[in-house]
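Undergrad: sequence? don't have it. structure:
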């Protein structure tokens, strides 16, 4: 492939046409060397990739402001044609007609997502109830399981709601541990700091499940969030704290056991979440050792050399622009990176192993002109990443103002445009085929409404209607007054309330990061509100149930409705898995914020629940 350079230098200007720096007649040709991004002499690159300095924000402000006026249109540029494929130009001319369809489908996808969240919440509630029975509740009420012998039940947990002493190992602890583990396992590549932002880190990027992003949210928010419950855990600890009451006159307060129950609940759930993330990394390393090796190389470049890594770029540009896997960069690698033989891996993954030096020449010139700007300490790395993402990933066209800004900073924008002219012929460039449903990073392209029947409203509504119908039928099927039938009738009844609970939590999550006080914007106020509100509803239903039992009124449906609201609605409105995920993210940003979040959630929930329980009972 012989494509000549599209930008020639001007004899009367220090910069060539379209911004390429002009070389002096006797100046040697610039080549890549082993000094490409060496370790800074200051040795202060260890944390430079995590927090931007105030100098960076100051320096990047002019260009960042310009980047805000980038045109999102995808029409061919009048002066520098980035897109030369006639078919792609025709698609871009029809681009304006796509936006109304995208806007109209927003409500459609919201309905579809809500339906699948409801289905996932029912399944999560069912598994939570089964685990609670297997690990302890069936010991208090023999004969309620039916499909397993009573002596086979693991009598480990205690509800804390009876005259029985204990409750430190509370009834929902097994469900909280499993749900937190699954939440950690189903993290995406960005959360685990992988080389690419794959939707499910533990699966291969090309796995077909990567495309069903709606189901990912349904599983994590719907299933894991409903499998775990904060309200049931908090209610059991509150009842242990209160101790003696008209409903429990034979039991003293268990303050220290309740305090230990809170600590055990937090520590074990955090440990399960962290273990899930570790397993996800192990599976990622096993499924795609090349990407795992690339991640280690990127960590070295980021932490030791202070390079800002743009993980959104396609595979070829991501590896080449960051100087990964090149023959002159082997000395960067350490023994800890030896997932596969370093030299063998570097040769195989080096972009130059598939393309000739002539083919890579435009991209190499762009890399050399932006070499210093890629350092976080330089102050322009964020703006550079924004520009490259817009041009290479989103195929946007940059305004002349942005082009002038790039020239001002000495970036060879003409070479990048020359490269993009080749880049948009991927079959010719490096064998990439769009018909395999993979993007340029090798990730399975996400499904949309037009590509799968599962994203259509009729199918989604049918799924949740069928589930609700099955629950109603089962409620009337188990109509005897035996312990077995009463237990399963209440379980089916509780699952009917799971959908409203999870949908309310889903909507409340939109408040996260929206706190009015800037000092507390980091606080996930949506999840905090959901957990506190659910804790209040749960303890209120328990108190009312005590009162009905003391008065010997209410019958089955009165007691069952209160329990269904507690188990189904409150159990799905509150969550431990998301709580653990947010704690982990906050501690990665600032160690104290995660602990503040824990203290705020537990103290407020405990205080208001104690007040409600004492007042009602």
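TA: Looks like it came in fine. None of the values given here were measured: they were computed from a predicted structure.

Undergrad: Going by C-alpha atoms from here, please, whenever you check contacts or count neighbours.
TA: Will do.

Undergrad: Could you check the pLDDT of the closest residue to residue 321 other than its chain neighbours?
TA: The shortest distance from residue 321 to any residue that is not its chain neighbour, by CA to CA, 6 or more residues apart in numbering, is 5.7 Å, and that residue is residue 367. You'll see residue 367 listed with a pLDDT of 90.

Undergrad: try residue 412
TA: The confidence metric pLDDT takes the value 89 at residue 412.

Undergrad: any idea how far it is from residue 364?
TA: Distance, residue 412 to residue 364, by CA to CA, to the nearest Å: 10 Å.

Undergrad: Which one of those two is surrounded by more residues?
TA: The residue with the greater number of neighbours, taking residue 412 and residue 364 and applying other CA atoms under 10 Å, is residue 412; the counts read 27 against 21.

Undergrad: I'd say the more buried one and residue 369 touch.
TA: Yes. Here residue 412 reaches residue 369: they are 5.8 Å apart, a contact under CA atoms under 8 Å.

Undergrad: what sits against residue 488?
TA: Under the criterion of CA atoms under 8 Å, 6 or more residues apart in numbering, the contact partners of residue 488 comprise 475, 478.

Undergrad: What are the buried residues along whichever strand or helix holds it?
TA: Per DSSP states H and E, residue 488 falls inside helix 483-496. Using 16 or more other CA atoms under 10 Å as the test for burial, helix 483-496 gives 484-496.

Undergrad: now, among these, which is nearest to residue 478?
TA: residue 485 (4.9 Å; CA to CA).

Undergrad: isn't the closest one right next to residue 479, touching?
TA: Yes. Taking CA under 8 Å as the contact criterion, residue 485 and residue 479 are neighbours in contact, 6.4 Å apart.

Undergrad: residue boundaries of the helices in the stretch 301-450 of the chain?
TA: 315-321, 342-349, 357-369, 381-388, 400-408, 413-423, 426-430 (DSSP state H, counting those that start in this stretch).

Undergrad: Can you give me the end-to-end span of stretch 444-458?
TA: From the first residue to the last, stretch 444-458 extends over 25 Å; the measure is CA to CA.

Undergrad: helices and strands of this protein: which one has the lowest mean pLDDT?
TA: Per-element confidence for the chain was summarised using mean pLDDT, DSSP states H and E. The lowest value among helices and strands belongs to helix 86-93, with a mean of 41.

Undergrad: Please name every helix or strand in contact with the helix or strand encompassing residue 572.
TA: Using DSSP H and E, the element containing residue 572 is helix 571-573. The helices and strands touching helix 571-573, judged by 3 or more CA pairs under 8 Å, 6 or more residues apart in numbering; DSSP states H and E, are helix 98-132, helix 225-227, helix 230-242, helix 498-508, helix 525-551.

Undergrad: Swap in 7 Å and give it another go.
TA: If you count contacts as 3 or more CA pairs under 7 Å, 6 or more residues apart in numbering; DSSP states H and E, helix 571-573 packs onto helix 225-227, helix 498-508, helix 525-551.

Undergrad: which other residues reach the shortest one?
TA: Read that as helix 225-227. Outside of helix 225-227, the residues that reach it under the criterion CA atoms under 7 Å, 6 or more residues apart in numbering are 121, 124-125, 127-128, 175-176, 179, 571-572, 575-578.

Undergrad: Out of the residues you listed, who's the most crowded?
TA: Top of the contacts of helix 225-227 by neighbour count (other CA under 10 Å): residue 572, with 39 neighbours.

Undergrad: Residue 408: how many residues sit nearby?
TA: Counted by other CA under 10 Å, the residues lying close to residue 408 total 12.

Undergrad: Show the pLDDT at it.
TA: What the model reports as pLDDT for residue 408 is 87.

Undergrad: Same question for residue 522.
TA: Among the per-residue scores, residue 522 shows a pLDDT of 93.

Undergrad: distance of it from residue 184?
TA: In this structure, residue 522 and residue 184 are separated by 21 Å, where distance is defined by CA to CA.

Undergrad: And residue 499, by the same measure?
TA: Computed with CA to CA, the distance linking residue 499 and residue 184 is 23 Å.

Undergrad: and what of residue 523?
TA: With the distance defined as CA to CA, residue 523 ends up 20 Å from residue 184.

Undergrad: same check, this time on residue 556
TA: Using CA to CA, residue 556 is found at 39 Å from residue 184.

Undergrad: again, but for residue 593
TA: Distance of residue 593 to residue 184, given as CA to CA: 20 Å.

Undergrad: Those two - which one has more neighbours?
TA: Neighbour tally, residue 593 and residue 184, criterion other CA under 10 Å: the higher count belongs to residue 184, 27 against 19.

Undergrad: just checking, that one touches residue 271?
TA: No. With contact defined as CA atoms under 7 Å, residue 184 and residue 271 do not form a contacting pair (10.0 Å).

Undergrad: in stretch 254-268, what's buried?
TA: By 16+ other CA under 10 Å, the buried positions in stretch 254-268 come out as 254-255, 257-259, 261-262, 264-266, 268.

Undergrad: ditto for stretch 549-563
TA: Neighbour-count burial for stretch 549-563, counted by 16+ other CA under 10 Å, picks out 559-563.

Undergrad: How many neighbouring residues does residue 190 have?
TA: For residue 190, the neighbour count with other CA under 10 Å is 16.

Undergrad: is it true that it touches residue 197?
TA: Yes. Counting by CA under 7 Å, residue 197 is a contact partner of residue 190 at 4.8 Å.

Undergrad: Let me know the closest of the buried residues of stretch 549-563 to residue 205.
TA: Once CA to CA is applied, the member of the buried residues of stretch 549-563 that ends up nearest residue 205 is residue 563, at 42.9 Å.

Undergrad: Between the two ends of stretch 184-202, how far is it?
TA: Taking CA to CA as the measure, stretch 184-202 stretches 10 Å from start to finish.

Undergrad: Report the mean confidence score over that stretch.
TA: 92.

Undergrad: Any stretches of the stretch 151-300 of the chain with poor pLDDT?
TA: 151-155, 157-167, 244-251 (pLDDT under 70).

Undergrad: quick check: mean pLDDT across stretch 392-401?
TA: Averaged across stretch 392-401, pLDDT comes to 79.

Undergrad: Please point out which parts of it sit buried.
TA: Within stretch 392-401, the residues that qualify as buried by neighbour count (16+ other CA under 10 Å) are 392, 395-398.
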